[in-house]
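[1] Curious how this folds, go ahead:
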Amino acid sequence: MQKQIKSALISVFYKDNLEGIVKKLGEQGVTIYSTGGTQKFIEDLGVSCVAVESLTDYPSILGGRVKTLHPKVFGGILARRDNPQDLEQLKQYAIPEIDLVIVDLYPFEETVKSTTEEQAIIEKIDIGGPSLIRAAGKNYKDIVVIGSKDQYADLENILASQGGATTLEDRRRFAAKAFEVVAHYDAVIANWWMRDEAAPAYFQTSVPQGQVMRYGENPHQQATFYGDLSEIFNKLHGKELSYNNLVDVDAACQLIAEFTDTTFAVIKHTNVCGIASRATLVEAWVAALAGDKESAFGGVLVCNKQVDKATAASVSEIFFEILIAPGFDADALEVLQSKKNRILLQQRQPVKTTKMFKNVLNGVLEQGIDKGNFEKWEEVGAQPSTAAQRGDLEFANLVCKHLKSNAIALVKDKQLIGKGCGQTSRIDALRHAIEKAGQFSFDLKGAVMASDAFFPFNDCVSIAHDAGITAVIQPGGSIRDADSITFTKEHGMAMVITGMRHFRH
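    Residues are numbered from 1 along each chain as shown. Here you go, the predicted structure:
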């Protein structure tokens, strides 16, 4: 059923793109009620406007905290047009019907991002706006509700194309969007209040939609990304990012954030398959690629320094999906943009995630991110690790942290030369790592080994020793730690216990 808009209440924070709507309402003879700055904006456009104060017989009070919270406003919104008793009460109390409500809420989210001053943030908790939206949305059969500036264009189009009339489906659609706006607003406020609570009573998060993906992990799965990639990246070149791309890009950004030396890494299916730190970026790239040339094909590349032409030329010799870097030299971009589908991302800022979520068993698991490398550095082997070994052990432990469990990382001269990940047995992970090193002709003599969890037996350190590995880093914590420690002491190996496990499932 169509309803003609004859009256409107407009009370907004942002006036951007509102001009067309106001002028169209004025042309259509709609009575407009408004408050404060919005009223002045409307009148400055040459459109007549009725002050809400003249309707309620109350001025805006408490520094603007109370303007529209009044029966003469909410009565006109909530009255059911097909209910004779409601209409009789409107007449009895001289309450005008309101057919359109336009609200744009106080910028609470933006304020939180720009200041930590509590009173300034609290003042941006909108009270009247959400109340108006809820009331108008509840009565959508009779009322059009606009809850955000993002909906202005849609309304203006309807006013122009339908002459100020709306269908029931129009009103239902606007109401649904408006309630979604309020739900997001309330979730953001609640999360701000509960920011220091370890375990709030409710899991609630609200992230604006970024884009609908072509498909999910597989072509038969639907997927949507909720978030704003532009906060983190400038996309400089290439096709649209896919679901799997985003998962790998996240893994790549988490990994590279661990390193300050000039470092290049290759990610495949969220696991690091090649990584190295070197004096120059091109050297780091060559060493990272050498770690597993087969797996690097079609991978996601990431580095922590600006890409120069020499690195770009070397990288372009293989097929890869994505390259992430803090910047690109102009001549490097020319080289890299030669392939039209190749995705180039300039990372503008680090990922600021502090929590991780996973849906399980009709519920949600939440945990803090895995921060840090080790809690302690306890030398328990035959002799303390050398300076060179310590550098490799720290490097290996960080790499292992970003491999799926069970995980083993073999490192030599700050280059990943063998890794085993996602194995059901730690021995299998180590054997796989040694096999990988042999596949690419790496000499394991003098290499170090990192494990994401403790060794319940001395079998892994024994296998490592036979392969030529001279130092081991592991979290410890097994009731049989002594077995592995004794082996290292008897065979001249260094061993470090960190006290920090890095499982990744």
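
[2] which SSE is Asp466 in?
    helix 459-467 (DSSP states H and E).

[3] Quick one: name whatever helix or strand follows that helix.
    Downstream of helix 459-467, the next assigned helix or strand under DSSP H and E is strand 471-474.

[4] What is that following strand packed up against?
    helix 387-401, strand 448-451, helix 481-490, strand 494-497 (3 or more CB pairs under 8 Å, 6 or more residues apart in numbering; DSSP states H and E). Where C-beta positions appear, they are placed from N, C-alpha and C, glycine not excepted.

[5] let's see it at 6 Å
    In this structure, strand 471-474 makes packing contacts with helix 387-401, strand 448-451, strand 494-497, judged by 3 or more CB pairs under 6 Å, 6 or more residues apart in numbering; DSSP states H and E.

[6] out of those, deepest packed?
    strand 448-451 (a mean of 30; mean count of other CB atoms under 10 Å).

[7] That strand: how far from the chain's middle?
    The chain centroid and the centroid of strand 448-451 are separated by 31 Å under CA atoms, centre = their mean, to the nearest Å.

[8] List the buried residues in the longest helix seen in the chain.
    Longest helix in the chain by number of residues (criterion: DSSP state H): helix 168-193. For helix 168-193, a neighbour-count test (16 or more other CB atoms under 10 Å) marks 170-171, 174-175, 177-182, 184-185, 188-189, 192 as buried.

[9] hmm, back to that, export the helix holding Asp466 as PDB, just CAs?
    Extracted in PDB, the C-alpha atoms of helix 459-467 (Å, rounded to 0.1, in the frame of the first residue of the first chain):
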ATOM      1  CA  ASP A 459      63.200 -38.800  19.600                       C
ATOM      2  CA  CYS A 460      62.900 -35.400  17.900                       C
ATOM      3  CA  VAL A 461      66.200 -34.000  19.300                       C
ATOM      4  CA  SER A 462      67.900 -37.300  18.400                       C
ATOM      5  CA  ILE A 463      66.600 -37.100  14.800                       C
ATOM      6  CA  ALA A 464      67.700 -33.400  14.600                       C
ATOM      7  CA  HIS A 465      71.200 -34.300  15.900                       C
ATOM      8  CA  ASP A 466      71.600 -37.000  13.300                       C
ATOM      9  CA  ALA A 467      70.700 -34.400  10.600                       C
END
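
[10] Lys376 contacts Ile497, doesn't it?
    No: if you go by CB atoms under 6 Å, Lys376 and Ile497 don't touch, sitting 7.2 Å apart.

[11] So the most far-flung residue of the chain relative to its centre versus Asp86, what's the distance?
    In the chain, Gln92 marks the outermost C-alpha relative to the chain mean, sitting 52.7 Å out by CA atoms, centre = their mean. Here Gln92 is placed at a distance of 11 Å from Asp86 (CB to CB, to the nearest Å).

[12] Val212 too?
    Distance, Val212 to Asp86, by CB to CB: 41 Å.

[13] more crowded one of those two?
    Taking other CB atoms under 10 Å, Val212 and Asp86 do not tie; Asp86 has more neighbours (17 against 10).

[14] quick one: contacts for the more buried one?
    Contacts here follow CB atoms under 6 Å, 6 or more residues apart in numbering; on that basis Asp86 touches 79-80.

[15] which strands and helices sit next to the next helix or strand after the longest helix of the chain?
    Per DSSP H and E, the first helix or strand lying C-terminal to helix 168-193 is strand 209-212. The contact analysis (3+ CB pairs under 6 Å, 6+ apart) places strand 209-212 against strand 224-226.

[16] Shouldn't Leu236 be within a helix?
    No: counting by DSSP: H, G, I helix; E, B strand; the rest coil, Leu236 is not found in a helix; it is strand.

[17] in the sheet, who's paired with the nearest residue in space to it that is not next to it in sequence?
    Excluding its sequence neighbours, the residue lying closest to Leu236 (CB to CB, 6 or more residues apart in numbering) is Leu344, at 4.3 Å. Note on Leu344: beta-bridge partners by DSSP bridges are His237, Leu323.

[18] Count residues in the vicinity of Leu344, would you?
    Counted by other CB under 10 Å, the residues lying close to Leu344 total 22.

[19] the helices in the stretch 51-200 of the chain, which residues?
    52-56, 71-78, 84-92, 108-114, 118-122, 128-138, 152-161, 168-193 (DSSP state H, counting those that start in this stretch).

[20] who's in contact with Thr498?
    Here Thr498 is in contact with 374, 475 (CB under 6 Å, 6+ apart).

[21] For it, give me the pLDDT.
    Predicted confidence (pLDDT) for Thr498: 96.

[22] now swap in Ser425 and tell me
    In this model, Ser425 is scored at 93, pLDDT.

[23] Setting aside sequence neighbours, what's the nearest residue to it?
    Per CB to CB, 6+ apart, closest to Ser425 is Asn406, 6.6 Å.

[24] gap between the one you found and Cys460?
    Using CB to CB, we find Asn406 at a distance of 10 Å from Cys460.

[25] between the two, which one's more packed in?
    Using other CB under 10 Å as the criterion, Asn406 and Cys460 rank with Cys460 on top: 25 against 22.

[26] Might one say that the more buried one is in contact with Asp428?
    No: Cys460 lies out of contact with Asp428 (CB under 6 Å); the separation is 10.4 Å.

[27] residue contacts, Ala332?
    Counting by CB under 6 Å, 6+ apart, Ala332 has contacts 307-309, 312.

[28] what about 8 Å?
    Counting by CB atoms under 8 Å, 6 or more residues apart in numbering, Ala332 touches 307-309, 311-312.

[29] That one: which element?
    With DSSP H and E as the test, Ala332 turns up in helix 330-336.

[30] pLDDT (mean, whole number) over that helix?
    Average pLDDT, helix 330-336: 96.

[31] returning to what we had before: intersection of neighbour lists for Asn406 and Cys460?
    Any residue near both Asn406 and Cys460 by CB under 8 Å, 6+ apart counts here, and that gives Arg426.

[32] domain parsing for the chain?
    Taking the TED database as the reference, the chain has its domains at 2-194, 232-347, 378-497.

[33] what mean pLDDT would you report for the longest one?
    It stands for domain 2-194. So the average pLDDT for domain 2-194 ends up being 90.
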